[in-house]
Every structure is written in C-alpha cells, then in structure tokens.
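A.B. asks: Test case, fold it:
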Amino acid sequence: MTGARVPQIDRGYRYSAALIADHGRTYHLAAQLLPAANRRGVSALYGFARIVDDIVDHADDEPLATLTHLDAVLAAFDATVRDGSTGDLVATGKLSQMEADVVAAAADTARRWTIPTEYFTAFGRSMRMDVPGAEDFVNRYRTLEQLRCYTYGSASVIGLQLLPLLGVGDQAPDSPTATAAALLGEAFQLTNFLRDVREDLDRDRIYLPTDELLTFGVDEAHLRRCRAARTTSPQLRRAVAHLIAINRGLYRRATPGIALLPRRIRPAIAAAAASYAEILTVIESPATDIMATRAVVSRRRRLRHAVEALKG
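C.D. replies: Predicted structure coming up:
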C-alpha cells in the first residue's frame, strides 16, 4: 500500500460510515458492537454495495449510461483489490471522487480480511442482471431456482462477505454460520420482493417466480389487473401465502446458524431477522393490500424484537 493512497482510503471509510449511519440501520446497529477496525470494514462493504445499488436505480432511465457506469465501478474495485489505482477513472469522469474513495476502502477491507473475490464477482453479476441492455439482464424469473441465481449475488453473498468482520471463525462455505448467512440474505430478499411486488411491477419487473404464481391462476395480465384496481385478488393472496410459507422456511433454516454467532453480535442479527420476518405477517393480514400499500413493521414492534433478542 502506497502512502499516497492512504488519504483516499481514509476518505472512503468516512464516506461509508456516513452512508451506513444514514441508510443501513440494521448493519449500523450490528457494527456498533464490533471493534473499530471491524466496524470500519462493515461500513466499507455497505458503502460499496450502496453506491452500486444507487447506480442501478437509474437503470430504467438511462440503461446504457447505467451499464457503463456500473461496469466502471466494478472494474475499479477489481483493479484496486489487486492494488491498482482509481485515480485515472476519476480524471476521465468514469467515477466520482466519492465513488473512487469508497471503492478504495472496500478493496482495502477485502484484502485485510481475505474476503473471497468470488463473492464480489457474484454481486456484480446480479447487479448487471438488473440493467436493461446487459447481456445477462433478467426482469422475469420462471422458477425459484432461477430466482436464487439472482438472490445469491444480490443478497446471500453480502452476508458471506460480512462473516469475518462479525468475528465468525469458521467461514467455510458449508459451515453452519456461512449457510445461515446465505439463507438469511435470501430470506430478506424474498421478503422484499413480496412486500414490493407493486413497485417492481411498475418498473416492469416480476421477481416472484411466475411458475409459482401460475399454480394459483395468476399470470402477468392478472397481476396488472390487480395493480390497476389497487387490490389483491383471492388468487394472488393464495399465491403470496404460498411464497410466504417458503420464505418462512428460509428464516427457520437460518436460525440455528444465528445462534452460533458471537454473543455480542447475535442480538442485532436475531432482532433484524425477527423484524424482517414479521413483515410477512403484515403482508398476509386481511388489513394489508400489497397492491395498494407497503407493508411495514411498527417501530414499537422492532424495539420489542430488539429487547427479546437481548434477553435471548
């Protein structure tokens, strides 16, 4: 590491700390329970994922520009992990200074904690799947297995990246904690898809597996009629209930691994899992219509989950 790059890395860690404090409350809470060096790393990984996600959010407005920008950030990260420099990309306008700094901090974290590069490769692949014009762009998923190809990179690997920073000793891919981290990421993502089906449909995306929906008589035309009427039909409610059961199975399978986490970090992760899982209860309530409103868990309930996790 050259001395000239240290200020850039330090700026990147500071930017990332601000991002996680503002936008990543669950990660931020967990990070506060860690030593400073680990905490900085968690922030850097969150910051990197955040800037990539912000880029992808513009995919529908400017797909070609988004893809160029995304590929520049991903390539800069790969090069910086190999101890390259992002300065030339800033000079050419491919990355902002903030993006280059966050990339530098995330790459520094990846090296310091020996995080497998394939986790970042999988993350980049899934992000490209969300950008129209990319050769691997997908906005419909027929089966749960096809959806898992996406959620592995978009969510499961985030948990796997964090394991060394959370103080987990055994990080082998088939270890109980790694299995739980991947399952919990997948569970969170599927919960998001069930909660956000209306918003995703407005962006011409259907993340709920279409084969699973068709089993209950729900095709894309049916979904769009529900969206136009701002109501969830009985058929769609049955399909969603089926997917909620699958989703709850993911949370159950992750639970034994959460119990193996270091004591000081376990309550934050357990509370986050409980709060996210309760979104499913809100979704299936007769008082909630996912085609008209967004399911949320009250602050009071989230605080109760935190208290219960601390007692556990």
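
A.B. asks: Please tell me how far the residue nearest the centre of the chain sits from residue 60.
C.D. replies: What sits nearest the mean C-alpha location of the chain, by CA atoms, centre = their mean, is residue 155, with 4.1 Å. Per CB to CB, to the nearest Å, residue 155 is found 21 Å from residue 60. Where you see a C-beta, it was placed from the backbone N, CA and C, and this is true even at glycine.

A.B. asks: now residue 96
C.D. replies: From residue 96 to residue 60 the distance is 21 Å (CB to CB).

A.B. asks: Buried residues in the host helix or strand of residue 49, which are they?
C.D. replies: Per DSSP states H and E: residue 49 is located in helix 36-56. Residues of helix 36-56 classed as buried by neighbour count (16 or more other CB atoms under 10 Å): 38-52, 55-56.

A.B. asks: Could you give the average pLDDT over that helix?
C.D. replies: Helix 36-56 comes out with an average pLDDT of 93.

A.B. asks: Follow the chain on from it and name the next helix or strand.
C.D. replies: Helices and strands here follow DSSP H and E; after helix 36-56, the next one along the chain is helix 63-81.

A.B. asks: Can you tell me which helices and strands the helix or strand just after that next one packs against?
C.D. replies: Where DSSP H and E defines the elements, the next helix or strand beyond helix 63-81 is helix 87-91. Secondary-structure packing of helix 87-91 (3 or more CB pairs under 8 Å, 6 or more residues apart in numbering; DSSP states H and E): helix 97-112.

A.B. asks: Between helix 36-56 and the helix it packs on, find me the angle.
C.D. replies: 130 degrees (axes from the mean of the first three to the mean of the last three CA atoms, to 10 degrees).

A.B. asks: Between helix 63-81 and helix 97-112, find me the angle.
C.D. replies: Using the same axes, to 10 degrees: helix 97-112 against helix 63-81 is 40 degrees.

A.B. asks: which residues sit against helix 97-112?
C.D. replies: 1, 5, 8-13, 15-16, 19, 37, 40-41, 43-45, 47-48, 51, 73, 76-77, 80-81, 83, 86-87, 89-90, 95, 115, 117, 120, 165 (CB atoms under 8 Å, 6 or more residues apart in numbering).

A.B. asks: quick check: mean pLDDT across the host helix or strand of residue 193?
C.D. replies: For residue 193, the enclosing helix or strand under DSSP H and E is helix 176-195. Helix 176-195 comes out with an average pLDDT of 96.

A.B. asks: what's the single longest helix in this protein?
C.D. replies: Counting residues, the longest helix found in the chain (DSSP state H) is helix 234-258.

A.B. asks: I'd like the distance from the next helix or strand along the chain from that one to the chain centre, please.
C.D. replies: The helix or strand immediately downstream of helix 234-258 is helix 266-284, counting by DSSP H and E. Mean-position distance between helix 266-284 and its chain equals 15 Å (CA atoms, centre = their mean, to the nearest Å).

A.B. asks: same for helix 266-284, what does it pack against?
C.D. replies: Against helix 266-284 (3+ CB pairs under 8 Å, 6+ apart) you get helix 25-31, helix 176-195, helix 234-258, helix 299-311.

A.B. asks: Mean neighbour count, those: which tops it?
C.D. replies: helix 176-195 (a mean of 22; mean count of other CB atoms under 10 Å).

A.B. asks: outside of the helix or strand that comes right after that helix, which residues touch it?
C.D. replies: Tracing the chain C-terminally past helix 176-195 and defining elements by DSSP H and E, one meets helix 197-202 next. With contacts defined as CB under 8 Å, 6+ apart, helix 197-202 is touched by 193, 206-208, 223-224, 227, 240, 290-292, 294.
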